[in-house]
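S.K.: got a sequence here, can you model it:
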Amino acid sequence: MEVAEKWAADLRGVLRGSSPLIQDVRVGVFYTAIRISSGHVGVAFTPRNLADTVCCPRTAASAPPAGRMKGQSAWQLATQAASRNPLCRAVGVATLNALSALAMDRHGTPGGELHAGMDALEAAEVGQADHVAMVGAIIPFIKALKGHVASLEIIDKHPQSLKPDEQRFYTPPERARQSLERASIVILSGSALVEGGLDDLLRACSTARQVVLAGPTASPWPPTFFERGVSILGGIRAHYSERLLSLVSEGGSGYQFAQVAEKISIVRTQAGTSTAFGT
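M.R.: I've put the predicted structure just below:
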């Protein structure tokens with residue numbers, strides 16, 4: 001079972017009997033946000049460079065059902081997380097993150113310890129001897145790591161996001177597996193949940209000392225991801241849902257989320273450790 005399907009199934013289990021509806025949807029330039037009827041909000045990376053963005057009936061048929069999402073069952077919209085269309089996946093992942101926020105309010109973070117205000121990189125305790133592989137250029141992490149670790153490799157579909165002095169760290173996606181297999185610390189951007197391929201990435205980094213899934217998109221129900229080898233989730237917890245929705249719809253980026261949400265890290269405890277991948 002793919003991670004998005006397992007994530008949804010796990011949430012259905014812990015939220016059995018709950019039938020939240022979609023209250024608000026914002027598909028912004030950088031992020032997509034969903035608020036469910038419990039008041040909880042989830043966000044997800046809005047994909048860039050979509051292959052088919054022509055406004056035509058064929059494109060519209062495969063895109064999220066604009067104008068018909070409010071009032072839908074959150075469980076129904078969450079199925080979009082497994083869609084073949086990246087924009088649909090963004091809507092589905094944001095919905096699953098909203099449902100995850102509801103689940104964590106009710107049940108805490110089974111198998112992990114939540115640290116409010118802690119950066120995921122701090123939680124990972126990266127040292128000078130570590131070989132770090134990063135999938136997705138997380139700029140603040142790059143600034144903190146370069147020159148302070150044994151090696152740094154950055155795998156990204158968009159090499160132009162790196163500064164000239166950072167180009168030496170670039171590794172093309174086709175060499176991702178080799179980089180991940182030799183890394184002691186792996187940092188995966190939560191955007192992989194939207195762009196696809198997270199399952200394969202997690203399989204490739206099974207020998208890493210720490211596997212970090214980070215960014216606003218990485219705000220899921222923890223047990224699903226701990227079971228698949230993730231040791232640290234570095235996401236956000238929204239405090240001002242209306243302002244977060246407005247920020248997303250006005251083109252706000254993750255750098256501005258500090259105004260409306262707090263950074264959290266959920267660190268897997270030994271009791272929560274599992275390698276039951278693919279169940």
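S.K.: so residue 113 makes contact with residue 266?
M.R.: Yes. Residue 113 is within contact range of residue 266, at 7.0 Å (criterion: C-beta atoms under 8 Å). Where C-beta positions appear, they are placed from N, C-alpha and C, glycine not excepted.
S.K.: give me the more crowded residue out of the two.
M.R.: Between residue 113 and residue 266, counting by other C-beta atoms under 10 Å, residue 266 is the more crowded of the two (31 against 14).
S.K.: quick one: contacts of the helix or strand harbouring residue 42?
M.R.: Using DSSP states H and E, residue 42 falls within strand 41-45. Here strand 41-45 makes contact (C-beta atoms under 8 Å, 6 or more residues apart in numbering) with 30-36, 89-91, 93-101, 189-191, 193-195, 215-217, 219, 236, 238, 241, 244-245, 248, 257.
S.K.: shouldn't residue 24 be in contact with residue 35?
M.R.: Yes. With contact defined as C-beta under 8 Å, residue 24 reaches residue 35; the gap is 4.2 Å.
S.K.: helices and strands of this protein: which one bottoms out on pLDDT?
M.R.: For the chain, scoring each helix and strand by mean pLDDT, DSSP states H and E identifies helix 57-62 as the least confident one, at a mean of 52.
S.K.: after that one, which helix or strand is next?
M.R.: Toward the C-terminus, helix 57-62 is succeeded by helix 74-78 as the next helix or strand (DSSP H and E).
S.K.: what sits up against that following helix?
M.R.: Here helix 74-78 makes contact (C-beta under 8 Å, 6+ apart) with 8, 11-12, 19-22, 34, 36-37, 69, 91-92, 95-96, 98-99.
S.K.: list the helices and strands the helix or strand that it is followed by packs on?
M.R.: Next in sequence after helix 74-78, counting helices and strands by DSSP H and E, comes helix 86-107. Packing contacts for helix 86-107, counted by 3 or more C-beta pairs under 8 Å, 6 or more residues apart in numbering; DSSP states H and E, involve helix 3-14, strand 22-27, strand 31-36, strand 41-45, helix 74-78, helix 192-195, strand 232-238.
S.K.: average pLDDT for the last one, rounded please.
M.R.: Taken as a whole, strand 232-238 has an average pLDDT of 97.
S.K.: quick one: whichever helix or strand comes after it to helix 86-107, angle?
M.R.: Downstream of strand 232-238, the next assigned helix or strand under DSSP H and E is helix 241-249. Helix 241-249 and helix 86-107 are oriented at 160 degrees to each other (axes from the mean of the first three to the mean of the last three C-alpha atoms, to 10 degrees).
S.K.: dump helix 241-249 to PDB, restricted to CA.
M.R.: In PDB, the C-alpha atoms belonging to helix 241-249 read as follows (Å, rounded to 0.1, in the frame of the first residue of the first chain):
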ATOM      1  CA  SER A 241      -6.600  29.400  10.600                       C
ATOM      2  CA  GLU A 242      -8.300  32.300   8.900                       C
ATOM      3  CA  ARG A 243      -5.000  34.300   8.600                       C
ATOM      4  CA  LEU A 244      -3.200  31.200   7.300                       C
ATOM      5  CA  LEU A 245      -5.900  30.700   4.600                       C
ATOM      6  CA  SER A 246      -5.600  34.400   3.600                       C
ATOM      7  CA  LEU A 247      -1.800  34.200   3.500                       C
ATOM      8  CA  VAL A 248      -1.900  31.200   1.200                       C
ATOM      9  CA  SER A 249      -4.500  32.700  -1.200                       C
END
